[in-house]
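Structure for the following, please:
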Amino acid sequence: GAFRKEVNGVRQHQPAVGAVVLQNKRKETVAPTAAPSAKRNKVSEPGGLLPDWKRRVQGRPLKAQQTRQVEDDEEEQVVGEFDNEEGPEALAAVRAAKPSTVKIRTGPKQVGVGVKITERSVIRRPKSEKYSVNHLPFPRGHPTYLRDWRKSFRPTIISWASTFLDAYGPSAFMTDVVVFDIWDTIYTDLVLLEKERKETLYLIISLSTDILQDWRTSIGSTALTILGTYFTENFDTQEEIVEFVEWATDFNKVFNFIYASPDAPAGERQGFQSDLILDIYAVHIKKTAASVKSYGAQVGAMGLCTAAMERALSLWASGVNPAETLPEGKKLPAFGDNEWGPRARSWAQAATRLSAEDWEVINEEAFTRSNVQGKAGMDLEDSEVVDARSLIDIW
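Presented below is the predicted three-dimensional model:
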């Protein structure tokens, strides 16, 4: 009808000059190593154009137009130059052509220029100097001062230390008052200036500490000698010695070795008056007989001597002289504070309960056995500790 006629009329109009209708024919892009793609379908002819449109556009210059390309589902993707992974040779060539500005450090961090490294020396504490009597401020050419040190100062400082309950601890209480009280009593003609006196104080304390150490060691070793002699004189077999040691030290914690009469009724056993105790205490008395001062009852010395004898008995527990059974290069256990200090203090605590009459008998017998003459002052105090040795019945 009318609409059909209108459409046909529009079709009779010629296209505008310069208008180009292209039929894009795609060339297949084949990768170098890829197989040919399948044959494309034939593109249909465009409709709605004049019958002679091809003749009209032939020979005319074409104006470049940007057309949109529609990729076919079956067409392979075009591979560019940078889509393929670079090989090792290419990477190496690139690195060589372009030096890197990044520095890779291995090992410890480097130090910048201008920083000087110096090694700090290790500060070592100097070893404590070992003093001798030659360091004391004695005038040269006067041997009497050295003699007085050995004969008077040494026994006096031991006598002072022997009054402490702890025979291992008097060095901590060795003050200038104590030291120069003895010094000024012995060396009345030796006047020291204040500076010399201060320097001499450290010398005397150091030397006195060594004297007390030697005193304790001597008591411990002498107790072994005394006990060995006692066994030789009183027993014939090893079994008898073993039986005596058990009876003396471990019989219901009675500690029979300290009594003069262990089988006597209570109150008559005479504690700290056995032959073994008096013999070792006499050694101490001989060391302190020349003391220029009297400091009181030697309770610390009695505790030390009793602990030394108890140690000697424990070392003889097998009935054989412990010195003869020691392996080559070995030493007997030390008579030190860690093991025997608590026992010595307990025995000293028990000795504080001795009466003045008891001390007089003990000292008189000890002086006789040591072949010296002298007398110790009596200052007794009562106190208690838990250890059975300190609570033992001494009469």
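
Run through the stretch 51-200 of the chain and note the low-pLDDT ranges.
By pLDDT under 70, the weakly predicted segments of the stretch 51-200 of the chain are 51-129.

and if we set it to 80?
Along the stretch 51-200 of the chain, segments meeting pLDDT under 80 span 51-130, 141.

got the contact list for S314?
V245, T249 (Cβ atoms under 8 Å, 6 or more residues apart in numbering). Where you see a C-beta, it was placed from the backbone N, CA and C, and this is true even at glycine.

Quick check: which element contains it?
If you go by DSSP states H and E, S314 is part of helix 299-315.

Next, the angle helix 299-315 makes with the helix or strand that that helix is followed by.
Elements were assigned by DSSP H and E; along the chain past helix 299-315, the next helix or strand is helix 337-351. On the basis of axes from the mean of the first three to the mean of the last three Cα atoms, to 10 degrees, helix 337-351 is oriented at 120 degrees to helix 299-315.

which other helices and strands contact helix 337-351?
helix 299-315 (3 or more Cβ pairs under 8 Å, 6 or more residues apart in numbering; DSSP states H and E).

Quick check: buried residues in the helix it packs on?
299-313, 315 (16 or more other Cβ atoms under 10 Å).

Just the closest of those to K151, please.
A301 (19.2 Å; Cβ to Cβ).

And the strands in the protein?
For the chain, strands defined by DSSP state E do not occur.

where exactly do the helices run in it?
Listed in chain order, the helices of the chain (DSSP state H) span 2-11, 53-57, 88-97, 144-148, 154-161, 176-186, 194-234, 238-249, 275-288, 299-315, 337-351, 356-370.

Dump these into TSV; add distance to A323 as well.
What follows is these, written out as TSV (distance: least, Cβ to Cβ, whole Å):
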stretch	distance to A323
helix 2-11	142
helix 53-57	135
helix 88-97	83
helix 144-148	34
helix 154-161	26
helix 176-186	36
helix 194-234	7
helix 238-249	14
helix 275-288	17
helix 299-315	9
helix 337-351	18
helix 356-370	24
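
Point out the most buried one among these.
Among those, helix 299-315 has the highest mean neighbour count (mean count of other Cβ atoms under 10 Å), at a mean of 26.

tell me the angle it makes with helix 238-249.
150 degrees.

give me every residue that touches the closest residue to E339 other than its chain neighbours.
Once flanking residues are discounted, E339 sits nearest to P333: 6.9 Å by Cβ to Cβ, 6 or more residues apart in numbering. By Cβ under 8 Å, 6+ apart, P333 lies in contact with R311, L315, E339.
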